[in-house]
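Participant: model this:
(2 chains)
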Number of protein chains: 2
Amino acid sequence: MNSPTQLKILSAVWRNPGLSRSELGELAGLHVNTMTRTVDALIRKGYLREGASGQSGVRGRPKIPLEVDPARTCVGGIAIAAGGVEAVAMNLLGQPQGEAEKAAASNSAGIAKAVSRLLGGLLPKNPLALGVSVTGFVDPVSRRILWSSAAPAAELDLAPLLARAGETPVALNSEIHALGMRWLMKHVEAEHDDTLVVTLEDGAVGASMLIAGRPNRGCVLGGNELGHMSLNIETARCYCGGVGCVERVFCTDFLHRLGGRGSLGEAFAEPALSAPARQIIDLVALGVANATVFARPHRVVVAGMPAHNARFRDALERAWRRRLPAVFRERVTLSWYETKATLSAETSGWLAIASVLSGSDGRAWT
Amino acid sequence: MNSPTQLKILSAVWRNPGLSRSELGELAGLHVNTMTRTVDALIRKGYLREGASGQSGVRGRPKIPLEVDPARTCVGGIAIAAGGVEAVAMNLLGQPQGEAEKAAASNSAGIAKAVSRLLGGLLPKNPLALGVSVTGFVDPVSRRILWSSAAPAAELDLAPLLARAGETPVALNSEIHALGMRWLMKHVEAEHDDTLVVTLEDGAVGASMLIAGRPNRGCVLGGNELGHMSLNIETARCYCGGVGCVERVFCTDFLHRLGGRGSLGEAFAEPALSAPARQIIDLVALGVANATVFARPHRVVVAGMPAHNARFRDALERAWRRRLPAVFRERVTLSWYETKATLSAETSGWLAIASVLSGSDGRAWT
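Facilitator: Predicted structure coming up:
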């Protein structure tokens, strides 16, 4: 599967399931012969299948709809995070094939061993791509983990591990960019826009700035560090060395500093939001608004712990909107990403799916 | 001048002045016949010229170096800003050909008239491109000015004005992205990186985030609004509606709030920085650090009023670096852009030069 035409057609079917060969040919601007030959090759390889022929198509012949074959396991996802490594094989629709395999690892040697073992057992035959996500920072050239809560003590060289993938293209990125791409591939209508995806968890705030459908790259491989923008306020000192970091504000410890009780999740679940809970929402909204004002995305998407909580959502959205200059207030939309599977092997697999289906213009992913 | 090959060669000579036809052919991967034909066409049209033949080249024949012909006026720049419109014709090296023409205008009708008049008189014969910069926000689709200090009272439709440029491609962007592109085209070695260009003027702070050599686009045409990120501090209310905006901190009014005297420029020029001046530097450094942490650029470039002031520079850089997590502190560089010509017609002209020399991959500019 190296032909650009095959990838183009596969991508067209993925984006427009149910179209016939001739409809696809028109859409992709391909000659009917090329089209038929390519589709047949993709069916033979198991990537596509013909659906039930329903309505009649051109010139009275039955229209045979094409779709991605969900039985074809052709990508893999690996997540390297604090505590361990997780891997899963998936089809091109993002459905995991079987349970994710997990391996505990708390240091560089453990991670190396776990990735190696999972890579050995996981990969389907001739996979199209492998998505690997890492918590923390990776040098984009040497592919060394520079700093990660997954291996806080030492640098870890991913290059020899990833070399085990052989010829399979590896899409390596931060776990939060993987989540961003997962959202985007489920909302492909947004892929020419700029989108800011934010995750809010107790003590962990991250962001993925997607620019025209590509994760913002930067000088190190990592997420957009919304969590370490400072809100110019006294908090506990952050592990990054700073004070006032957004993720030191969005945490139970800061709730207690403000006189609140229980955990952050509990505070947001109260029937009426307490003053400390409201203050935290206001401050986090300020952080998200600052990122919005700087990057001017078309939309902001918020995921994580409080995305399921209507009261929190309303309060955050109102506070965020109040902070925006009018020109952005009228234009930038805010929506919620209520996903249970956030940072995981399955999410990493979407890095692979995105690189197969959107990477064919040759622009580098990482 | 529509041939991609001609633009490719023009760009290669611009980037590598002094190379011979055969050296260029090797660099561009073109057959010697194509090369010779294209170069001769470009010389005939006046874009290139042969330099003095010096050292001998391949096979003993004299090496004839090629260079961009500075006598060829082929781009134009127009700046639409508060108070008026300014226009200038330039060669491809960015040198203005004659004085910039200026026309005062304080409202939409005045701007329309001024742009129209300047466009009529300014454009050289068969120009390659026109760069137009606007202060404020422009709708990227309709090309209406949404809000600008140049025409605060009403929306202004640029489309009919720009239509006067006829077939000439127009690169339209914010004035601060124009400054960013001007810096980048003078530092082309950085064009595959991400660069954050910041301008600091009394009461006006802007930013241009250049992503792999392209101005960050966003949902509206405008600069990256570093000036309206909030530092969570009491300031005068900003015209954007917010409080604590970076540009409300970096101004004489805030200096006075802190008990300082004179203007901001004077405060930074004192032999020893006063406490209020230091406090303002610390706060602006926090704003720049927040943008750095979010966008993770390879470098930050600071222009504007204090770029000439060694004491200010040292203090800002130290405060900025202190705010960064270690992984960025070690990797992101900070440099100063000591340019007198900041936001001007000449700077706008660089939008045109950049679109001619770097836009040939078909990626949209605006």
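Participant: near chain B, which residues of the stretch 251-366 of chain A?
Facilitator: A:283, A:286, A:289-291, A:293-298, A:323, A:325-328, A:331-332 (CB under 8 Å from any CB of the partner chain). Quick note: C-beta positions are derived from backbone N, CA and C, even for glycine.
Participant: so where's chain A shaky on pLDDT?
Facilitator: A:1-2, A:54-61, A:152-154, A:341-342, A:359-366 (pLDDT under 70).
Participant: What residues does the most centrally placed residue in chain A make contact with?
Facilitator: Chain A has A:Leu179 as the residue nearest its centroid, 2.1 Å off, counting by CA atoms, centre = their mean. A:Leu179 is in contact with A:197, A:199, A:208, A:303, A:339, A:342-343, A:347, counting by CB atoms under 8 Å, 6 or more residues apart in numbering or on different chains.
Participant: Next up, phi/psi of it, please.
Facilitator: Main-chain torsions, A:Leu179, degrees, to the nearest 10: phi -60, psi -40.
Participant: how close does it get to A:Thr339?
Facilitator: 8 Å (CB to CB, to the nearest Å).
Participant: Find the residues that touch each one of the two.
Facilitator: Joint contacts of A:Leu179 and A:Thr339 (CB under 8 Å, 6+ apart) are A:Ala303.
Participant: got the contact list for stretch A:262-273?
Facilitator: Contacts for stretch A:262-273 (CB under 8 Å, 6+ apart): A:202, A:250-252, A:255, A:260-261, A:274, A:276-277, A:280-281, A:305-306, A:309, A:311-312, A:315.
Participant: swap the cut-off to 10 Å and go again
Facilitator: By CB atoms under 10 Å, 6 or more residues apart in numbering or on different chains, the residues outside stretch A:262-273 that reach it are A:200-203, A:250-256, A:258, A:260-261, A:274, A:276-281, A:305-306, A:308-309, A:311-316.
Participant: Can you select the buried ones among these for me in ChimeraX?
Facilitator: Selection command for ChimeraX covering only the buried members of the contacts of stretch A:262-273, criterion 16 or more other CB atoms under 10 Å in any protein chain shown:
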select /A:200,201,202,203,250,251,252,254,255,258,260,274,276,277,279,280,281,305,306,311,312,313,315,316
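Participant: Now intersect the contacts of stretch A:262-273 with the helices, please.
Facilitator: A:252-256, A:276-281, A:311-316 (DSSP state H).
Participant: how about A:Leu255, what does it touch?
Facilitator: Residues in contact with A:Leu255, defined by CB under 10 Å, 6+ apart, are A:202, A:249, A:261-264, A:266-268, A:274, A:276-277, A:279-280.
Participant: what sits against A:Gly242?
Facilitator: Counted by CB under 10 Å, 6+ apart, A:Gly242 has contacts A:228-230, A:235, A:248, B:286, B:289, B:293, B:322-325.
Participant: can you pull out the helices in the stretch 151-300 of chain A?
Facilitator: Counting by DSSP state H, counting those that start in this stretch, the stretch 151-300 of chain A has helices at residues A:159-163, A:175-185, A:246-249, A:252-257, A:264-269, A:275-295.
Participant: Show me what the shortest one is packed against.
Facilitator: Identification of packing neighbours for helix A:246-249 by 3 or more CB pairs under 10 Å, 6 or more residues apart in numbering or on different chains; DSSP states H and E yields strand A:194-201, strand A:204-211, helix A:252-257, helix A:275-295.
Participant: let's see 6 Å
Facilitator: Contacts defined by 3 or more CB pairs under 6 Å, 6 or more residues apart in numbering or on different chains; DSSP states H and E place helix A:246-249 against strand A:204-211.
Participant: what residues does the strand it packs on touch?
Facilitator: Outside of strand A:204-211, the residues within contact range by CB atoms under 6 Å, 6 or more residues apart in numbering or on different chains are A:176-177, A:180, A:184, A:194-199, A:216, A:223-224, A:226-227, A:246-247, A:250, A:295, B:211.
Participant: Domains in chain A, by residue range?
Facilitator: Using automatic domain parsing, the domains assigned to chain A come out as A:4-68, A:73-180+A:344-359, A:182-337.
Participant: Of these, give the one that comes closest to B:Val170.
Facilitator: domain A:182-337 (20.7 Å; CB to CB).
Participant: First-to-last residue distance for that closest one?
Facilitator: 11 Å (CA to CA, to the nearest Å).
Participant: In terms of helices and strands, where is the residue lying closest to A:Ser3 once chain neighbours are set aside?
Facilitator: Distance criterion CB to CB, 6 or more residues apart in numbering or on different chains; nearest residue to A:Ser3, sequence neighbours excluded, is A:Thr38 at 7.6 Å. Using DSSP states H and E, the secondary-structure element containing A:Thr38 is helix A:32-44.
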